[in-house]
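Chemist: based on what follows, work out the 3D shape:
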Amino acid sequence: MTTGTPAPFTAADYKARMDRAAQSAADAGLAGVLVAPGPDLVWLTGYHVTAETERLTLLVLSAGQEPTLVVPTLEAPDAARSAGAAAMTLRDWTDGKDPYEVTAPLLDGAGRFGVSDNAWAMHLLGLQKTLPDSSYVSLTEALPMLRAVKDAAELERLAAAGAAADATYEEIKKVAFAGRKENDIARELSDLLKRFGHSQVDFTVVGSGPNGANPHHEAGERVIERGDMVVLDFGGLKHGYGSDTSRTVHVGEPTAEEREVHDIVRAAQSAACEAVRPGIACQDVDRVARKVITDAGYGEYFIHRTGHGIGVTTHEPPYMIEGEEQELVPGMCFSVEPGIYLPGRFGVRIEDIVTVTPDGGRRLNATARDMAIVD
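Modeler: Numbers count the residues shown, from 1 in each chain. As a prediction, this is how the structure comes out:
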């Protein structure tokens, strides 16, 4: 498992990201980028808003203009201590003042701006009222690849998160499943992720027996029985970057049909991972996995996309799905997670995080993909 704490990102790192975002916006025909509290703001500046409120906080980026963070005065000291503070100007506003009037001069009165997806509607409406000639488009639509290509430092963090998830899986296989509730296994997964360095656990799916046919089943009170197939899907953040892995285990010996379905999913997952290389479209990864499952007669039971990007959030662009023509480039990281879900019976999913390399792809998860037999 990858050990140690990576070196922190510097003001220079954040400046490079802000400059890239501003230039990408200009290349896309946008007047600039407006970033509200959330993962985009963290990635661009290192600033974690300690208490998100109705008070406007907004990073304004535009090519040829100094990055500026509009921030409530009472939050300004925290913003000034953020890692990227030296690379931007802070413009604070006090209660009783109109934050949109403070922000308006930074937007030059007009233009089309990319806005982070989690911006509050009340803030966009406030800006539109102050700047009636301005318009807005979501960053996912306008700049979907903004965070998609990871640098070496980001890849180091993603590898560490993947290794921690692998260690978690190796440990969970040792515990008793039969006679225990799904919630019990979910709590152990969460505890293990934290033991192996995760600061945040985002999900611990434990789908036993018929519950495994629901890809996003919430672990519940069902008691796991011998003879159950159990889908395990878990992940979160370590060093600020995501893990997400799925394995399907069986309590006791599986039937011939269960082995067959698991083998089909494993073959589909392997084929899709092997297909990863620069220049192919995201949809091609989905097509490869889907063809294996469809040819085996289970196409109607593969009911979700093959994968999603991962970085400072566990789900982000790019998406491995039909219709996504974005080409893969080195540094992209995403899940490859085909599945088969037989309603009322059982499900199977196998998932690794894969990064695109100059000549192919590399898995960031290394645990065995064979069906594990647990007690």
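Chemist: do a quick rundown of the helices in the stretch 101-250 of the chain.
Modeler: Assigned by DSSP state H, counting those that start in this stretch, the helices in the stretch 101-250 of the chain fall at 121-130, 139-142, 152-172, 182-195.
Chemist: minimum distance to Glu327: which of those helices has it?
Modeler: Glu327 lies closest, by Cβ to Cβ, to one member of the helices of the stretch 101-250 of the chain: helix 139-142, at 17.9 Å. Placement of C-beta: from N, CA and C, glycine included.
Chemist: state the mean pLDDT of the closest one.
Modeler: Mean pLDDT, helix 139-142: 93.
Chemist: quick one: contacts of that helix?
Modeler: For helix 139-142, contacts defined as Cβ atoms under 8 Å, 6 or more residues apart in numbering pick out Ala25, Ala28, Leu30, Val33, Val35, Asp40, Gly114, Val115, Ser116, Asp117, Leu146, Pro317.
Chemist: of these, buried ones?
Modeler: When the contacts of helix 139-142 are checked for burial by 16 or more other Cβ atoms under 10 Å, the buried set is Ala25, Leu30, Val33, Val35, Asp40, Gly114, Val115, Ser116, Leu146, Pro317.
Chemist: closest one of these to Glu221?
Modeler: Pro317 (35.8 Å).
Chemist: could I get the contacting residues of the closest one?
Modeler: Thr140, Pro144, Met145, Arg147, Ala148, His308, Gly309, Gln326.
Chemist: now it: which helix or strand?
Modeler: Secondary structure from DSSP states H and E places Pro317 in strand 316-320.
Chemist: in its sheet, what does that strand sit against?
Modeler: Taking DSSP bridges as the criterion, strand 316-320 sits next to strand 307-309 (antiparallel) in its sheet.
Chemist: strands of the stretch 1-150 of the chain, start to end?
Modeler: 32-35, 58-61, 68-72, 89-93, 110-115, 133-138 (DSSP state E, counting those that start in this stretch).
Chemist: now swap in the stretch 201-350 of the chain and tell me
Modeler: For the stretch 201-350 of the chain, the strands defined by DSSP E, counting those that start in this stretch cover 229-238, 241-242, 245-251, 307-309, 316-320, 333-336, 339-342, 346-349.
Chemist: out of the ones you listed, the one nearest Gly46 is which?
Modeler: Across these, closest to Gly46 is strand 241-242 (Cβ to Cβ), at 13.5 Å.
Chemist: low-confidence ranges, this protein, go.
Modeler: The chain contains residues with pLDDT under 70 at 1-3.
Chemist: contact partners for Ala268?
Modeler: Contacts of Ala268 were listed using Cβ under 8 Å, 6+ apart, and they are Val288, Ala289, Arg290, Val292, Ile293, Pro338.
Chemist: check which residues of stretch 97-113 are buried.
Modeler: By 16+ other Cβ under 10 Å, the buried positions in stretch 97-113 come out as Pro99, Tyr100, Val102, Thr103, Ala104, Leu106, Leu107, Gly111, Arg112, Phe113.
Chemist: and if you look at stretch 130-148?
Modeler: Neighbour count says stretch 130-148 has Thr130, Leu131, Ser134, Tyr136, Leu139, Ala142, Leu143, Pro144, Leu146, Arg147, Ala148 buried, by 16+ other Cβ under 10 Å.
Chemist: may I have that stretch exported as PDB, CA atoms only?
Modeler: Written as PDB, here are the backbone C-alpha positions of stretch 130-148 (Å, rounded to 0.1, in the frame of the first residue of the first chain):
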ATOM      1  CA  THR A 130     -27.300  43.500 -11.200                       C
ATOM      2  CA  LEU A 131     -25.900  42.600 -14.600                       C
ATOM      3  CA  PRO A 132     -28.800  42.100 -16.900                       C
ATOM      4  CA  ASP A 133     -26.600  41.600 -20.000                       C
ATOM      5  CA  SER A 134     -24.700  38.600 -18.300                       C
ATOM      6  CA  SER A 135     -25.600  35.000 -18.800                       C
ATOM      7  CA  TYR A 136     -24.400  31.700 -17.300                       C
ATOM      8  CA  VAL A 137     -23.700  28.100 -18.200                       C
ATOM      9  CA  SER A 138     -22.800  25.200 -15.900                       C
ATOM     10  CA  LEU A 139     -19.100  24.200 -15.800                       C
ATOM     11  CA  THR A 140     -20.100  20.600 -16.400                       C
ATOM     12  CA  GLU A 141     -21.600  21.700 -19.700                       C
ATOM     13  CA  ALA A 142     -19.000  24.400 -20.700                       C
ATOM     14  CA  LEU A 143     -15.800  22.900 -19.300                       C
ATOM     15  CA  PRO A 144     -16.400  19.300 -18.500                       C
ATOM     16  CA  MET A 145     -12.700  18.300 -18.600                       C
ATOM     17  CA  LEU A 146     -11.500  21.100 -16.300                       C
ATOM     18  CA  ARG A 147     -10.500  18.700 -13.500                       C
ATOM     19  CA  ALA A 148     -10.300  15.500 -15.600                       C
END
